[in-house]
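> Okay, predicted coordinates and the sequence, questions at the end:
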Amino acid sequence: MWLELALISIVFLGIVILGNNRLGTMIQLFALQSLVLSATPLLVYPGRHAVVMAIVTIILKVFLMPSLLFWAIRHVAIRREAQPLIGYGTTLLLGGFLMGVVFLISSNLDLPVQETSNLLVPSAFSMVMIGFLLLISRFQAITQVIGYLVMENGIFLFALLLLENTPLLVEMGILLDIFVAVLVMGIVVNHINQEFGSASTINLTNLKD
Amino acid sequence: MELFLLLELPFVMAVVIFIVPQDGLRKNFLFLTSFLHVFAIISLWQRPHDLQFNSFLGFDALSRLILSFISILFFVVSIYLIGFLKEKRKRSNRIFIGCLLCLLAAMTLVTMSRHMGLLWIAIASTTLLSAPLIHYYRTAQSIEAVWKYLLISSLGIALGLLGTLFLAISAAPIQTIFLEDILSHADVLSPSWLKLSVIFLLVGYGTKMGLAPMHTWKPDTYGEAPAPVGALMSGSLTGCAFLAVFRVAQICFHAHLQEFVSPVLILLGILSLGAAAIFILGQKDFNRMLGYSSVEHMGILVLGLGLGGGAIWASLFHAVNNAFAKGLIFLVSGNLYRSYRSKRIENIQGVIHRLPATGIFLILGFMAITGFPPFGIFYSELLILKEAITDRRYMVAVFYLLFLSVIFFGYAKIILGMALGKPPDQARQDTRKENFFMIMPLVILVIILIFTGIFVPDSLYHLIDDASSLLGGR
């Protein structure tokens, strides 16, 4: 029951992120989504392993990553998406359509591992799809980073299926890698802003054949 | 002892370098670390091919082969860096050298990891550690290159992580993804999940390798990266990604899925060759051309894996020679940029008159990467063609030959024009002499190329034999 509730709120927050255009709000929504996400390991497999995962997730995804992203845009003047590649209405429709497809496919999947909830796999893939959509349809560098992070949240959900079989060392390594990715991306966003006076990747078109 | 020198020392040194205040001293630390790394590799050659340190780390013939050329290339580049970093710059080289050392540790970890999750972690960290290296000249173009590299690679790597999870799902009966366990229990893996996992892993690690159609970051990144970084990325980093693709093929081979994976690898290979052929013709920027050249050679590598049989041997042999040839031509490009202050082909003319030694190495590098007969790449390209013909894949052979000849024509037109053309007059007064640290690494690389390509030493021959037998090559 609680797991379903958590999964539904994660997917819901994903849709809200997709429909939002203010960078600050998006980062806060991402932090909220990660907070819900950090509870899921405890709901799936209560135990020491899950507690460690939850604590590390809260530290990295709820506190450090959002503050890094806020740091990266501290000098950014335009804090909203001016002209997305695909309009908001269309993105939301597309997101809904992709989620429908994902639910349809996932219900036919034959999983060799035991599922704790039949919502887990479809919500994981929905997050991957929404993240991907954010990544390709927006020009603000920060939005693209958030898209990447939402995608990673989806992968995190999927990994819950395997939580018991994965060595803790490997899980920590993966989380650390994602954190360093956000660190490097944040620094690069900062440089883009210094160089072009805005953090929009619409300026990044000098390199071509 | 070897484990410490290979894996931990570069990391410890990176920390030391953060504390050391002088720029000059840091270069010496870098050189020393890479020297010890090569030393550890040489001492490792005396040990048996399969060596297990613990359940996560170990060596087999493939990892030993790839780590050897990564380490040697890194050593040569670190000699080049002594001269390269001498140029006066306003900022300290702390982050640059720190990232280089961590990159060496991460690449070593890639080759040594015996767990598919650890392999993913190591590959992802090589991406993150190489990104700051590209932004060396701090121009608007280089920041654009870094962003594209980060975003496309991270996306690819995320798909690779999904692929790794799918692999773990398909390995649910054995409950682990240690390489040894997967290979020895390959029969019990669930085939449908394994197929899905293979597609995701190939797309993910293929992005890292720069295979078409996921190659779009490559010309931008190689075009903007400083020459020594370009040499490391196109020689060593692609070798790491190739190792990951090889591991995927290895799992497929043990699970009897060759019929499934071979066509995919062949398609990726031919697409990469085709993309390189189209964009090398009429290329205006020397370093971008080298980026496409790397796409071409990565295509040849996976084509060899896809064809199987003797082509696997050829593919591994090609990987070794490609690493040193790419190192050579990228370091030459560094010398050219230093003197001409441009990467545009139209501005770099008459190299042989202006920088005689670099000009000779430019032509040698051209011969090495296009596969002129004395060099090893000629031999491996020929072996792959032979395998395609004996395998009766005539269409593959036709496209392969067509694209290779177009690429050869493109290179010849550009590089011979650069080497032998008329030098621009107005730049005469800016001529700076070539120095020892610019030429010495090139000499070493040419000697290695001759050594690995022409007089293939017995130990190398057997090592490649052992590595190709992992995939059932002859």
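On my side now, so go ahead.
> who does the lengthiest helix in chain A touch, helix- and strand-wise?
Among the segments of chain A that qualify as a helix by DSSP state H, the longest is helix A:168-196. In terms of contacts (3 or more Cβ pairs under 8 Å, 6 or more residues apart in numbering or on different chains; DSSP states H and E), helix A:168-196 is packed against helix A:48-57, helix A:65-72, helix A:141-159, helix B:116-134, helix B:140-170. Every residue, glycine included, has its C-beta placed from N, CA and C.
> quick check: angle from the last one to helix B:116-134?
Looking back up the chat, that one is helix B:140-170. For helix B:140-170 against helix B:116-134, the angle by axes from the mean of the first three to the mean of the last three Cα atoms, to 10 degrees is 180 degrees.
> For helix B:140-170, buried residues please.
Across helix B:140-170, burial judged by 16 or more other Cβ atoms under 10 Å in any protein chain shown covers B:142-170.
> Show the average pLDDT along stretch B:71-88.
Regarding stretch B:71-88, the rounded mean pLDDT is 90.
> gap between that stretch and the chain center?
17 Å (Cα atoms, centre = their mean, to the nearest Å).
> Give me the residues contacting it.
B:23, B:27, B:30-31, B:33-35, B:37-38, B:41, B:93, B:96-97, B:100, B:104, B:107-108, B:226-228, B:231-232, B:235-236, B:323-324, B:327, B:331, B:334, B:338, B:435-438, B:440-441, B:444-445, B:448 (Cβ atoms under 8 Å, 6 or more residues apart in numbering or on different chains).
> One more: stretch B:395-411?
B:266, B:270, B:273-274, B:276-277, B:280-283, B:289, B:293, B:296, B:303, B:307, B:366, B:369-371, B:381, B:384-385, B:388-389.
> Over in the stretch 301-450 of chain B, which residue gets nearest chain A? Let me know.
B:Lys343 (11.6 Å; Cβ to the nearest Cβ).
> Let me see the contact set for that residue.
Contacts of B:Lys343 by Cβ under 8 Å, 6+ apart are B:Gly223, B:Asp285, B:Phe286, B:Asn287, B:Arg288, B:Ser333, B:Tyr337.
> run the last query once more with 7 Å
By Cβ atoms under 7 Å, 6 or more residues apart in numbering or on different chains, the contact list for B:Lys343 reads B:Gly223, B:Asp285, B:Phe286, B:Asn287, B:Tyr337.
> The strand or helix carrying the first one: what's the following helix or strand?
Right, B:Gly223. Take DSSP states H and E as the rule and B:Gly223 turns out to sit in helix B:217-224. Next helix or strand after helix B:217-224 toward the C-terminus (DSSP H and E): helix B:227-232.
> What lies in contact with the helix or strand just after that next one?
Per DSSP H and E, the first helix or strand lying C-terminal to helix B:227-232 is helix B:238-254. For helix B:238-254, contacts defined as Cβ under 7 Å, 6+ apart pick out B:62-63, B:66, B:69-70, B:107, B:110-111, B:119, B:123, B:126, B:179, B:182-183, B:186, B:198, B:201-202, B:205-206, B:208-210, B:258, B:260-261, B:265, B:294, B:298, B:301-302, B:305, B:319, B:323, B:470-472.
> what pLDDT, on average, does helix B:238-254 get?
95.
> ok and it relative to helix B:116-134, angle-wise?
Going by the same axes, to 10 degrees, helix B:238-254 makes 160 degrees with helix B:116-134.
> what pLDDT does residue 185 get?
The chain I'm using is chain A. Confidence score, pLDDT, at A:Met185: 94.
> wrong one, chain B
92.
> Nearest spatial neighbour of B:Ala158, chain-adjacent residues omitted?
A:Met151 (5.6 Å; Cβ to Cβ, 6 or more residues apart in numbering or on different chains).
> B:Ala140 too?
Closest to B:Ala140 by Cβ to Cβ, 6+ apart is A:Glu195, at 5.1 Å.
> number of nearby residues for that neighbour?
For A:Glu195, the neighbour count with other Cβ atoms under 10 Å in any protein chain shown is 17.
> which residues does the spatially most central residue of chain A contact?
Residue closest to the average C-alpha location in chain A (Cα atoms, centre = their mean): A:Val150, at 1.1 Å. By Cβ under 7 Å, 6+ apart, A:Val150 lies in contact with A:Gly14, A:Ile17, A:Phe30, A:Met127, A:Ile130, A:Gly131, A:Leu134.
> residues in chain A within reach of chain B, list them.
A:111-113, A:135, A:141, A:144, A:148, A:151-152, A:155, A:158-159, A:161-162, A:165-166, A:170, A:173-174, A:177, A:180-181, A:184-185, A:188, A:191-192, A:195, A:201, A:204, A:206-207, A:209 (Cβ under 7 Å from any Cβ of the partner chain).
> do that again at 6 Å, thanks
Residues of chain A lying near chain B by Cβ under 6 Å from any Cβ of the partner chain: A:112-113, A:148, A:151, A:155, A:158-159, A:162, A:165, A:170, A:173, A:177, A:180-181, A:184-185, A:188, A:191-192, A:195, A:204, A:206-207, A:209.
> Pull out the buried residues from the residues you listed.
Buried among the residues of chain A next to chain B by 16+ other Cβ under 10 Å: A:113, A:148, A:151, A:155, A:158-159, A:162, A:170, A:173, A:177, A:181, A:184-185, A:188, A:191-192, A:195, A:204, A:207.
> Contact residues of chain B facing chain A?
Checking chain B against chain A by Cβ under 6 Å from any Cβ, the hits are B:117, B:121, B:124-125, B:128, B:131, B:140-141, B:143-144, B:146-147, B:150, B:154, B:158, B:161-162, B:165, B:168, B:172, B:175, B:190, B:220, B:279.
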